[in-house]
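> Below are the sequence and a predicted model for it; my questions follow.
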Amino acid sequence: MDEENSVIVPVLTENLTVMSFVVPKDFADRVELYAWKLIDAFETHPAGSGMDPNNKMIQALSFLIQTSLEGYMDLCLENDDIIPPEISDL
């Protein structure tokens, strides 16, 4: 199989699911830029040989979104008095 033109499809088990979000384009661009920086840092790190070359961006985006949201949710669970933002502020 030609690796350059191959596509890897993740196998979804009962522990995995797919989530989709609608976000402003500027936000998506910022997240993707940071993901590229993460990929670059991973490739130059001695332990960085484990990323699958066919889905590096998806792996980086998944890592960023999971760790960011987990941190935010952990913060919210520690403080039950968090007031949600005004929708107009988003």
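Sure thing, it's come through.
> When you work out contacts or count neighbours from here on, use the C-alpha atoms and nothing else.
Will do.
> Helix, strand or coil: sort out residue 18 for me.
For residue 18, the assignment made with DSSP: H, G, I helix; E, B strand; the rest coil gives coil.
> give me the number of residues near it?
Residues lying near residue 18 (other Cα atoms under 10 Å) number 5.
> If you count neighbours, what's buried in the least confident helix or strand in the chain by mean pLDDT?
Across the helices and strands of the chain, mean pLDDT, DSSP states H and E gives its lowest value to helix 56-78, namely a mean of 85. By neighbour count with 16 or more other Cα atoms under 10 Å, helix 56-78 contains the buried residues 57, 60, 61, 64.
> How much space separates the third one from residue 54?
Here the distance between residue 61 and residue 54 works out to 14 Å (Cα to Cα, to the nearest Å).
> Check residue 63 too.
Taking Cα to Cα, one finds residue 63 at 16 Å from residue 54.
> just residue 86 next, same as before
From residue 86 to residue 54 the distance is 40 Å (Cα to Cα).
> okay, these two: which has more neighbours?
Under the neighbour definition other Cα under 10 Å, residue 86 and residue 54 were set side by side, and residue 54 has more, 15 against 7.
> Pretty sure residue 31 sits against residue 62.
No: taking Cα atoms under 8 Å as the definition, residue 31 is not a contact partner of residue 62, at 10.7 Å.
> Check which helix or strand residue 84 maps to.
Taking DSSP states H and E as the definition, one finds residue 84 inside no helix or strand.
> show me the contacts for it.
By Cα atoms under 8 Å, 6 or more residues apart in numbering, no residues touch residue 84.
> pLDDT at it, what is it?
Looking at residue 84, its pLDDT stands at 70.
> go on, residue 2?
For residue 2, the predicted pLDDT is 60.
> Equivalent analysis for the one 5 residues further on, please.
Residue 7 carries a pLDDT value of 66.
> and the least confident helix or strand of the chain, C-alpha only, in PDB?
Extracted in PDB, the C-alpha atoms of helix 56-78 (Å, rounded to 0.1, in the frame of the first residue of the first chain):
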ATOM      1  CA  LYS A  56      -0.600  13.400  13.000                       C
ATOM      2  CA  MET A  57      -3.000  16.400  12.900                       C
ATOM      3  CA  ILE A  58      -5.900  14.400  14.200                       C
ATOM      4  CA  GLN A  59      -3.800  12.900  17.000                       C
ATOM      5  CA  ALA A  60      -2.500  16.400  18.000                       C
ATOM      6  CA  LEU A  61      -6.000  18.000  17.900                       C
ATOM      7  CA  SER A  62      -7.400  15.200  19.900                       C
ATOM      8  CA  PHE A  63      -4.700  15.600  22.500                       C
ATOM      9  CA  LEU A  64      -5.200  19.400  22.700                       C
ATOM     10  CA  ILE A  65      -9.000  19.200  23.000                       C
ATOM     11  CA  GLN A  66      -9.000  16.400  25.500                       C
ATOM     12  CA  THR A  67      -6.400  17.900  27.800                       C
ATOM     13  CA  SER A  68      -7.800  21.400  27.600                       C
ATOM     14  CA  LEU A  69     -11.400  20.400  28.300                       C
ATOM     15  CA  GLU A  70     -10.400  18.000  31.000                       C
ATOM     16  CA  GLY A  71      -8.500  20.800  32.700                       C
ATOM     17  CA  TYR A  72     -11.500  23.200  32.400                       C
ATOM     18  CA  MET A  73     -14.000  20.600  33.600                       C
ATOM     19  CA  ASP A  74     -11.700  19.700  36.600                       C
ATOM     20  CA  LEU A  75     -11.600  23.400  37.500                       C
ATOM     21  CA  CYS A  76     -15.400  23.600  37.300                       C
ATOM     22  CA  LEU A  77     -15.900  20.600  39.500                       C
ATOM     23  CA  GLU A  78     -13.600  22.100  42.200                       C
END
